[in-house]
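Peer 1: Here is my input; please provide its structure:
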Amino acid sequence: MAKSSRKTEKKSAPKAPETPEKPAEAKKENEPKKIDIKQDDEMTDERLQAFAEVLQAEEKAEKTDMTTITRKKSTRKPWGKIAFFSILSLIVVAAVAGFFYFTSGQRFTGNKVQVKMEVPTDVASGGELSFELLIQNGEAVKLRSAELNINYPDGFKVTNTSIAPANDAKNSFLLGDMDSGYGRRITITGTVVGDVGSEHSITAILSYVPATFNSEFVTQSSESFTISQSNLGLQFDGPSRVIPDSEVQYELLVKNNSEEDISQARLTLDTPDGFSMKSSDPAAEVGKTWTFADLAPGDEERVQVTAQLSGDVDSLQELVARVGILSNTGSFQLQTEQRIIVQLVRPELNVDLSLNSGHEDRALTFGSTLQYTLSYANQTDEVIRDVTLRVQLDGDLVDWDSLVEPHSAQREGNTLIWTKEQIEDLGELRSGSKDEFTISVQLLDSLASDSSVTNPELIGQASIEGEAEELGASQVQASSQPITVKLITQASLAAEARYYSEDFTKIGDGPLPPQVGETTTYRLFWKVSNTVNELGNVKISATLPSNVFWAGKNISTSLGSITFTPSDRTITWQFSRVPAGVGYSSDALSASFEVAVTPNASDLGKVMVLLDASKLEGTDSFTNEALSVSDDSLTTNLDADQYATGQGVVTDGNNGTE
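Peer 2: Numbers count the residues shown, from 1 in each chain. As a prediction, the model looks like this:
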């Protein structure tokens, strides 16, 4: 327990009668020591006894001297002198006896009234704190009108006291008169709430009037304790500035901070009259209350509340979240609480821009149509004059010739502008006014072939501004959240079958057109082009028909490798990336391989399929969109070979060339 610190306000004891100073005399062998009693000296029992002994010694010495004085003869009788000294001696003895009685037997020292406290040094927030006070009158006199006042720390709430308090705050106790040796013990119990690690003090102040004085004396004591832990933690998050009647969300988090399981933890939310809870997850019990049956050490429970607050603009409203434990008797034992002070604020101008009925960013292809919805409202309490609306579409990707909107907007570069010249109501936009309209525009079909643009995007944003004369003609303005459109790259795949190269070099073998029973070899090509964004994880594949054979010769690629899988007859070309601009600002990627076909009688008079449809798959590295393009199947008709096209029908060998 922390050491008690007591401070006693002392009143000066009544002045002792001053003894006249006497000339210094030589000490006699058995003479008691003289004590000089000053006004400010504390009259202890020992000093009072010594003081009495001094007076008695002086009286004795004086009597002794009188008996040893050499008497001279006198004509006067000595009875008068004897009577005088006898009376003086009696007065001195009575004075000493009375002084000793009143100053020793009934003396108030000022340091024997004690107030002691026994307070735990460590407590848990939300837990019970019980402490005891011991009041002891060790003085020789009675104490009148004793009253004990206690200064409790913030967060402490009294639940019980062993004697009845004298006020509603339960911090004043009337003890009345306290006889010498009187002792009183008081027990005070309550709950304490505070931040973990914070230190708090309790101060007890005892006021009283000693029976021998008319002044009030005070004795006090202080003890400290530390909030070392909280059995249940609580976090309360949400906006502190709210537009009246708008929908807002608050989140509450309850956590078991102890090392033991906690049963029947209860969360309550106290709200003002203007608070209307629309929903909560999980659903609330009656009176915005949630009960958690079991919380293991470290467990958390989250509650999300959707609500509306109504009230006067600029008014303050208080939300109080409390968490505690529901006892077996049904009482609520508070553990901790959190507060949010909410200010209801005046909203300004509102403007919103949505794209295709949403506000999220998106990835689109060239030539896509953009359907924007522009909405605006004056939710201030004033008329806003000379309002200007703007929609900015940055990115140089818009085909402005495709623009469709109802108010004939001015256009400055990539920005559309509307004022009172286009929309009359923008001259004076009254409080509560609102409107919306749509803007339709298309993206370019493609970029110029020599364009070096990569990772193109279009950022759309709306803004509104105007003047509020009632507010000193100050500008009020607002902007919407930007919406970004990323363009998906345009990748292409071209598949070709040839017997002759472009320079008329023979690269195939066997009869042309193909003949029954004879083998003809063809060279197949894949070419890949890509526009504005890099492609990653690229795979090109196709399947060989059952009557076409993988020759495994003259395989070449500009990057990556080609493989043939006999089990499913699939030819695959894979590589890690296709840079932006391949096939436009740089050469296309290409690969080639050979296949062979030997027609049988059933193929006579037919065009044979050399390769099923080819497919390219990859991921747009800028938009993260999966991309897939394909090309038609290849036949013996050799449509891409200007020197052999049309010679694909299988013959019986009577016509054809080798």
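Peer 1: Tell me the pLDDT of Arg241.
Peer 2: pLDDT for Arg241: 73.
Peer 1: tell me the contacts of the residue nearest to Glu436 when sequence neighbours are not counted?
Peer 2: In this structure, Glu436 finds its nearest non-sequential neighbour in Ser375, 3.5 Å apart by Cβ to Cβ, 6 or more residues apart in numbering. Backbone N, C-alpha and C define where each C-beta goes, glycine included. By Cβ atoms under 8 Å, 6 or more residues apart in numbering, the contact set of Ser375 is 351-352, 354, 434-436.
Peer 1: Next: Leu616.
Peer 2: The contact partners of Leu616, by Cβ under 8 Å, 6+ apart, come to 491, 493, 528, 538-540, 627-630.
Peer 1: Using CSV, write out the CA atom coordinates for stretch 633-640.
Peer 2: C-alpha atoms of stretch 633-640 as CSV (Å, rounded to 0.1, in the frame of the first residue of the first chain):
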residue,chain,number,x,y,z
SER,A,633,-8.6,-22.2,-88.4
LEU,A,634,-6.1,-22.7,-91.3
THR,A,635,-6.8,-24.9,-94.3
THR,A,636,-5.1,-26.2,-97.4
ASN,A,637,-6.7,-23.3,-99.3
LEU,A,638,-3.7,-21.1,-98.0
ASP,A,639,-5.7,-17.8,-98.0
ALA,A,640,-2.6,-15.8,-96.9
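Peer 1: what comes up buried for that stretch?
Peer 2: Applying a neighbour-count criterion of 16 or more other Cβ atoms under 10 Å, one finds 633-638 buried in stretch 633-640.
Peer 1: Of the contacts of Ser375, which is the nearest to Ser558?
Peer 2: Nearest to Ser558 among the contacts of Ser375: Ser354, at 44.6 Å, using Cβ to Cβ.
Peer 1: and that closest one, how many neighbours does it have?
Peer 2: Counted with other Cβ atoms under 10 Å, the neighbours of Ser354 add up to 20.
Peer 1: Give the other helices and strands that the helix or strand encompassing it contacts.
Peer 2: Using DSSP states H and E, Ser354 maps to strand 349-355. Strand 349-355 is packed against strand 369-378, strand 384-394, strand 457-468, strand 474-479, strand 483-487, with contacts defined by 3 or more Cβ pairs under 8 Å, 6 or more residues apart in numbering; DSSP states H and E.
Peer 1: One more pass at 10 Å, please.
Peer 2: If you count contacts as 3 or more Cβ pairs under 10 Å, 6 or more residues apart in numbering; DSSP states H and E, strand 349-355 packs onto strand 369-378, strand 384-394, strand 434-443, strand 457-468, strand 474-479, strand 483-487.
Peer 1: from those, which stretch is densest packed?
Peer 2: strand 483-487 (a mean of 22; mean count of other Cβ atoms under 10 Å).
Peer 1: Return the distance of it from the chain's centre.
Peer 2: Strand 483-487 has its C-alpha centroid displaced from the chain centroid by 31 Å (Cα atoms, centre = their mean, to the nearest Å).
Peer 1: quick check: angle from that strand to strand 369-378?
Peer 2: With axes from the mean of the first three to the mean of the last three Cα atoms, to 10 degrees defining the directions, strand 483-487 sits at 170 degrees from strand 369-378.
Peer 1: Strand 483-487 - what's its average pLDDT?
Peer 2: 95.
Peer 1: Any idea which residue is closest to the centre of the protein?
Peer 2: Nearest to the mean C-alpha position of the chain, counting by Cα atoms, centre = their mean, stands Asp237 at 6.4 Å.
Peer 1: Val303 versus that residue, what's the distance?
Peer 2: 11 Å (Cβ to Cβ, to the nearest Å).
Peer 1: Tell me the secondary structure at Ser592.
Peer 2: Taking DSSP: H, G, I helix; E, B strand; the rest coil as the rule, one finds Ser592 in the strand state.
Peer 1: which residues touch it?
Peer 2: Applying Cβ atoms under 10 Å, 6 or more residues apart in numbering, we find Ser592 in contact with 496, 498, 507, 523-527, 554-558, 562.
Peer 1: Which members of those residues are classed as buried?
Peer 2: Neighbour-count burial (16+ other Cβ under 10 Å) applied to these gives 496, 498, 507, 523-527, 555, 557, 562.
Peer 1: Go through those residues and name the one nearest Ala478.
Peer 2: Lys527 (51.6 Å).
Peer 1: CA atoms only for the helix or strand hosting the closest one - export them in CSV, please.
Peer 2: Element membership for Lys527, per DSSP H and E: strand 520-530. What follows is strand 520-530, C-alpha atoms only, in CSV (Å, rounded to 0.1, in the frame of the first residue of the first chain):
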residue,chain,number,x,y,z
THR,A,520,2.3,-32.4,-98.6
THR,A,521,4.2,-30.2,-96.0
TYR,A,522,3.1,-26.7,-95.1
ARG,A,523,4.7,-23.9,-93.0
LEU,A,524,2.4,-22.4,-90.4
PHE,A,525,2.9,-18.9,-88.8
TRP,A,526,1.7,-17.0,-85.7
LYS,A,527,2.1,-13.2,-85.5
VAL,A,528,1.3,-11.2,-82.3
SER,A,529,0.7,-7.4,-82.1
ASN,A,530,-0.1,-5.3,-79.0
